[in-house]
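# below: sequence and its predicted model.
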Amino acid sequence: MTGLDVLCVGIAVADVMAKPIDRLPEWDRLGTFDHIEHHIGGCAVNTAVDLVGLGASASVSACLGRDGAGAFVRRSLEAAGVGSDGLVETDDAATSYTFVMIGSDGRRRYLHHVGANARFSESQVPSDLIARARVLHLGGSLLMPALDGAPTARLLARARELGAITSMDTAYNPNVNSRALIEPCLPHLDIFMPSIEEARAITGESDPEVILAHFSAYPIEVLGVKLGAEGCAVRVQGKAVRFPAYEVDVVDGSGAGDAFMAGLLYGVLHDWPINRGIPFANATAAHCIQAIGCSAGVPDAQTVAAFQQERDR
């Protein structure tokens with residue numbers, strides 16, 4: 001059994017990306033679009049693929065349906081060099097599926113079928129796989145009803161006991177009580193970087209500095225809020241510090257937050273300080289949004305670093 005940099009636990013999805021869709025047809029009417037691609041997605045999958053692209057090792061622990069879409073996700077992960085030994089299958093639900101409608105400006109609308117992700121449970125994440133990993137990253141919290149809340153808190157506690165650094169990236173779900181599901185997990189986290197929309201749902205606050213102050217009550221070592229095109233705000237020595245995003249032409253914003261997390265975790269694996277790791281994470285996300293698909297645009301770490309050197313002159 002070899003070591004593993006990051007075990008990404010969470011949602012796995014078969015994605016269909018369609019562009020451009022700038023308006024929806026009326027009922028009983030036909031709309032058309034020019035371009036379609038099939039990709040794998042889901043927060044855990046995206047971050048794992050991006051990490052391998054950067055040069056780290058990663059595996060995914062997730063639940064798939066025993067169907068063609070599930071076989072596509074498994075084959076695609078293996079082709080990308082991502083470990084698939086943490087995947088489980090169910091006959092009770094189809095593989096999770098998302099139809100992504102991408103506008104001409106790169107903005108997105110989603111139609112999502114939760115599917116097999118709803119069946120994924122704490123007991124399906126094997127301790128021997130956690131024990132191999134330096135980091136356990138939870139990707140897609142709030143979209144896994146059998147795992148969210150107290151089961152996630154227990155999983156994070158188990159990961160810490162097995163020696164792993166713990167990380168979480170949430171998903172936006174207006175149909176659940178975000179605070180009730182996330183707050184039990186916060187005492188067991190080393191890294192927490194929700195998006196501003198998700199952080200607002202958890203805290204009830206809108207200002208990033210107030211949000212960070214709220215979360216600072218917990219012993220989270222790397223704490224921040226992703227702010228989309230505005231970059232991110234990170235708690236550094238008790239203060240909120242803004243790190244701007246890199247300006248690039250947006251082709252598709254899908255997966256930007258997951259790419260950010262991959263860049264951040266790559267820095268953690270190399271013991272980089274915040275003022276090096278966060279800009280690298282922003283640069284990784286900047287590459288992601290220049291291609292269709294959640295991971296297609298993410299290159300190796302040397303290319304990301306060269307981009308930073310050029311832009312930071």
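Ah, there it is.

# all contacts plus neighbour counts: C-alpha atoms, from now on.
Will do.

# and the gap between the spatially closest residue to P174 that is not a sequence neighbour and L223?
Spatial nearest neighbour of P174, chain neighbours left out: A201 (7.9 Å); criterion: C-alpha to C-alpha, 6 or more residues apart in numbering. In this view, A201 and L223 are 17 Å apart by C-alpha to C-alpha, to the nearest Å.

# just G253 next, same as before
Applying C-alpha to C-alpha to G253 and L223 gives a distance of 23 Å.

# mind showing which ranges of this protein have poor pLDDT?
Residues of the chain meeting the criterion pLDDT under 70: 1.

# neighbour count winner among A201 and L223?
Remark: of A201 and L223, L223 carries more neighbours, 22 against 18, as counted by other C-alpha atoms under 10 Å.

# touching, the more buried one and A213? I think so.
No - here L223 does not reach A213: they are 10.0 Å apart, not a contact under C-alpha atoms under 8 Å.

# ok now do D5, which residues does it touch?
By C-alpha atoms under 8 Å, 6 or more residues apart in numbering, the contact set of D5 is A56, S57, A58, A133, R134, V135, L269.

# am I right that it is in a helix?
No - if the criterion is DSSP: H, G, I helix; E, B strand; the rest coil, then D5 is strand and not within a helix.

# tell me the spacing between V222 and V49.
Counting by C-alpha to C-alpha - V222 and V49 are separated by 22 Å.

# who's more crowded, those two?
Counting neighbours by other C-alpha under 10 Å for V222 and for V49 shows that V49 has the greater number, 33 against 18.

# the closest residue to D258 other than its chain neighbours - how many residues pack around it?
Using C-alpha to C-alpha, 6+ apart and skipping the chain neighbours, the partner closest in space to D258 is T47 (5.1 Å). By the criterion of other C-alpha under 10 Å, T47 has 35 neighbours.

# residue contacts, T47?
Counting by C-alpha under 8 Å, 6+ apart, T47 makes contact with C8, G139, D258, A259, M261, A262.

# dump the helix or strand E37 falls within to CSV, restricted to CA.
Element membership for E37, per DSSP states H and E: strand 35-41. In CSV, the C-alpha atoms belonging to strand 35-41 read as follows (Å, rounded to 0.1, in the frame of the first residue of the first chain):
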residue,chain,number,x,y,z
HIS,A,35,-21.6,23.1,-28.6
ILE,A,36,-21.9,20.1,-26.3
GLU,A,37,-19.3,18.1,-24.3
HIS,A,38,-19.4,15.2,-21.9
HIS,A,39,-17.3,15.4,-18.7
ILE,A,40,-17.0,14.0,-15.2
GLY,A,41,-17.7,16.4,-12.4
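
# downstream of it, the next helix or strand is which one?
Downstream of strand 35-41, the first helix or strand assigned by DSSP H and E is helix 43-54.

# would you reformat the contacts of T47 as CSV and include neighbour count?
What follows is those, written out as CSV (neighbours: other C-alpha atoms under 10 Å):
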residue, neighbour count
C8, 31
G139, 27
D258, 31
A259, 31
M261, 33
A262, 29
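
# nearest to S178 among those?
G139 (14.8 Å; C-alpha to C-alpha).

# can you confirm the closest one is in a helix?
No - according to three-state DSSP, G139 belongs to no helix; its state is strand.

# for it, give the beta-bridge partners.
Taking DSSP bridges as the rule, G139 bridges to G10, D169.

# so how far is I196 from it?
Taking C-alpha to C-alpha, one finds G139 at 16 Å from I196.

# with A18 instead?
26 Å.

# can you pull out the strands in the stretch 151-300 of the chain?
165-170, 191-192, 222-226, 232-236, 239-243 (DSSP state E, counting those that start in this stretch).

# same question, the stretch 1-150 of the chain
4-10, 13-19, 35-41, 58-65, 83-90, 97-102, 108-113, 133-141.

# any chance of those in TSV, with distance to C232 too?
Formatted as TSV, the strands of the stretch 1-150 of the chain follow (distance: least, C-alpha to C-alpha, whole Å):
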stretch	distance to C232
strand 4-10	22
strand 13-19	26
strand 35-41	23
strand 58-65	25
strand 83-90	30
strand 97-102	23
strand 108-113	20
strand 133-141	18
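
# re earlier: ok, the residue nearest to D258 to D34 distance?
Counting by C-alpha to C-alpha, the gap from T47 to D34 is 28 Å.
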